[in-house]
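> What shape does this take:
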Amino acid sequence: MEEKENKSLEEPEEKEQTISQKQETEMQSFLKKYGFTDVAGGPAFKIGGHQIDACGGVEDTFVVIECKTAKKREKKSIREQLQKFKGAIPSITEGLKIDPKYAKYKYYSFVIYLKNIEHVTENKDYAKQNPEVEIWSEEFIEYYNELYLALGDFAKYNFFGEIKIPKKVVLDISAPAFKLKTHGYNIYYFVIDPRKLLKAAYVARRDVGKEKYYQRLVTGSRLEKIARFIDDGGFFPNNVVVGFDPDLQKPKFQPVAMNELEDYGKNKLEFGVITFPNTYRSCWIIDGQHRLYAYSKAKTENAIVGVVAFETLPREKQAQFFIEINKEQKKVPTDLIWDLEGEMRPDSNEGKISNIVKEINTLPPLEKRIYIPFFGPKTKNQLKMSGLCMAIDRAKLVRKTTASMTLIEQKNPYYSEEPREIIDNVSLALSSFFEIINKKFQEEKYKKGFLFTNGGIAVTILLFEKIVETIIRQKKKVTDEELSYYLSLLEEVFEERYSSETTLSRLRKNVTSNAGKDEIIADICEAINSKIPDKKTQIEIKTRTAAIKDAAGELEGLLRKTLKHVLSKDDRNYFKRIIPGGIQAEAKKQKERDVAKNPSLEGKDTLEWLSFGELVTVVFQNNVYPKIGAIFVNENYFVDKAMLHAALLNAITVRNKTHHDTPEHLTKANVLQFNHDAPMIKKSIEEYLRKNNA
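A predicted model of the protein is given here:
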């Protein structure tokens, strides 16, 4: 535009022009790369009496771009620049219409491109007011430069769709498809030429406007490898998963009569032809981006890919599918999964935890010391986001009661029904706790050697929760003064026990598993407690043996509840008819003895008096196992009856030895097998009880 005296917001006149011209040239080159024609701009170029930095046309749309730059990156308002640009738009538009070179374009788009300027939210709202101006950031341009390097000309379909270029020529993307209505969604199954799909599908980004995107940038080197695999005759048996954009027109589906399908679910399954909406970026790639985009580099002809497409699936649900798919396949880093939880499911517990860690990353002493994938590549010595998130999750800091709270009257002091409030509460509390540690531990070796390392920070968070529980148990408020008392003792413990690099190294090696973290916390708490004379103010220690004991006891209770539910469904007198005579007699005797001491137990089911071993014996009876076995033995849990039997027998051993105070007789093999099997037993039972509302 005319009058460019404020072109650079920081530098002297001569240097400003150099930087400005460079930005203009870069933008013109970018437009040419993406296939724009009539590209022009620069200090001497004018339209409608106004100097234009960069412009170009594609299909029926002509784009006019105003460039703004600053010497150093800063956050500021650009309202003044927007007002000036908006004021010039009528004259520029008129100039385009009367110029024979540009009169052929039907639509005009106006953009302000910012480099080193992070504009405030209010700018977006003002920019959208008529006449509308799009705001492009340097991250936006960098993204599409990288995408072009990875995909070549296929990148333009993503770009044109994002900047809302109307489609001039009909795309005509259609394919024979099955349409299934299930769970409230229309789902299409079809095969298609991948190069056709590339014109409509896109990889979602996460930083455009207020839209919440979840995919990663495609990796060029990975595409090359997959392309070679395809050219060598490789084929992918699994489908690409896409979701049609819920903000666009729905795909068209023309059914084809097939009477033979009626037997396979009439009114649910149809066969026909699906036609994509005639627009760029009509569907998001939920899963399979590298598989699909590899065809942009492959030379193989007549290729096809299988596709599962969801119609108007909400973006939050698309993101949830993406997260769940990649959690199972383990192909996305856990840091990114946690990052996405906060973006896509902010009201879930995982989303709250994610956003708590992001807040901690803005506060001292861990400001900018945590790796958040959204904010760029990992730098040296940054803490893993996932480590903090998993520790907060284990500590149950976003729940009504935290992990160590067992008394009815105990409540999490940071809990709130409002997600934003609990995020603020927990992030401020943890940051304050970290800051006390930062000040008390004057020697950096303790912080850099353990406390503020990836494994150490998890231990620190879990220790925080235990100290909070201890303070709440004393019916006190959690204050910095109360926390400082315990952290002063922690400092003494470290000076006495972990002052050498050898001992700190040993700590770091032992925190690679949850069991290792628990052992270290128990040791630290025991050492702190040795310095506290009043047992009421000591930190409650739950040893690994105690945790195993509780888990075994929980399994016994769940198995009893499941057995009762399964057997009582068909026969109210199941105890008399099914339970073996010897077990019945012993249980009745024990019940009589207990009722004599406590008459209120009279109404309880006699099954409550069966031991864990007796319950397992009943499970494997020939007249019981067919009714209950499928709960445990299926594709999700145990492979066969023998494996289930071995798991339950080991659980009995663990239960008996921990409950009868002989844990020293447990072998390492017992513990390892129990730690492997117990979660499966528990999950399978809980799934059954949930499905049956039991």
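> Residue 589: what secondary structure?
Following DSSP: H, G, I helix; E, B strand; the rest coil, the label given to residue 589 is helix.
> separation between it and residue 659?
Going from residue 589 to residue 659 by Cβ to Cβ, to the nearest Å gives 20 Å. No exception for glycine: its C-beta is placed from N, CA and C like everyone else's.
> What residue spans form the domains of the protein?
13-162, 174-329, 349-540, 545-691 (automatic domain parsing).
> that older thread, more neighbours, residue 589 and residue 659?
residue 659 (14 against 11; other Cβ atoms under 10 Å).
> Which positions within stretch 614-634 qualify as buried?
614-619, 624-625, 627-629, 631-633 (16 or more other Cβ atoms under 10 Å).
> That should have said stretch 670-689, apologies.
Burial within stretch 670-689, assessed by neighbour count using 16+ other Cβ under 10 Å, is assigned to 670, 671, 673, 674, 675, 677, 678, 680, 681, 684, 685, 688.
> So what touches that stretch?
The set of residues external to stretch 670-689 that reach it, using Cβ atoms under 8 Å, 6 or more residues apart in numbering, is 515, 548, 551-552, 554-555, 558-559, 561-562, 565, 631-632, 634, 636-638, 646-648, 650-651, 653-654, 657, 694.
> let's go with 7 Å and repeat that
548, 551, 554-555, 558-559, 561-562, 631-632, 637-638, 647, 650-651, 653-654 (Cβ atoms under 7 Å, 6 or more residues apart in numbering).
> how near is residue 357 to residue 373?
Look at residue 357 and residue 373: by Cβ to Cβ, they are 12 Å apart.
> Average pLDDT for stretch 473-483, rounded please.
For stretch 473-483, the mean pLDDT works out to 95.
> whoops, stretch 136-153 was the one
Mean predicted confidence for stretch 136-153 is 85.
> Out of the helices and strands in the chain, which is least certain?
Least confident helix or strand of the chain, by mean pLDDT, DSSP states H and E, is helix 315-329 with a mean of 66.
> got any ranges where the stretch 451-600 of the chain has weak pLDDT?
Along the stretch 451-600 of the chain, segments meeting pLDDT under 70 span 542-545.
> all strands for it, in order.
Ranges of strands in the stretch 451-600 of the chain, per DSSP state E, counting those that start in this stretch: none exist.
> just the helices in it please.
If DSSP state H, counting those that start in this stretch is used as the criterion, the helices of the stretch 451-600 of the chain fall at 454-473, 480-497, 501-509, 514-529, 544-570, 574-578, 581-597.
> Name the stretch among those that sits most buried.
Mean neighbour count, computed with mean count of other Cβ atoms under 10 Å, is highest for helix 454-473 among the helices of the stretch 451-600 of the chain, reaching a mean of 22.
> Now do that one: everything it contacts.
Under the contact criterion Cβ under 7 Å, 6+ apart, helix 454-473 has outside partners 383-384, 387-388, 390-392, 394-395, 397, 402-405, 407, 410, 413, 430, 433, 437, 450-451, 478, 482-483, 486, 508, 511-512, 517, 520-521, 524-525, 537, 539-540.
> out of the residues you listed, which are buried?
Listed as buried from the contacts of helix 454-473 are 383-384, 387-388, 390-392, 394-395, 397, 402-405, 410, 430, 433, 437, 450-451, 478, 482-483, 486, 511, 517, 520-521, 524-525, 537, 539; burial here means 16+ other Cβ under 10 Å.
> okay, the angle between the helix or strand where residue 356 lies and helix 454-473?
Using DSSP states H and E, residue 356 sits in helix 349-360. On the basis of axes from the mean of the first three to the mean of the last three Cα atoms, to 10 degrees, helix 349-360 is oriented at 100 degrees to helix 454-473.
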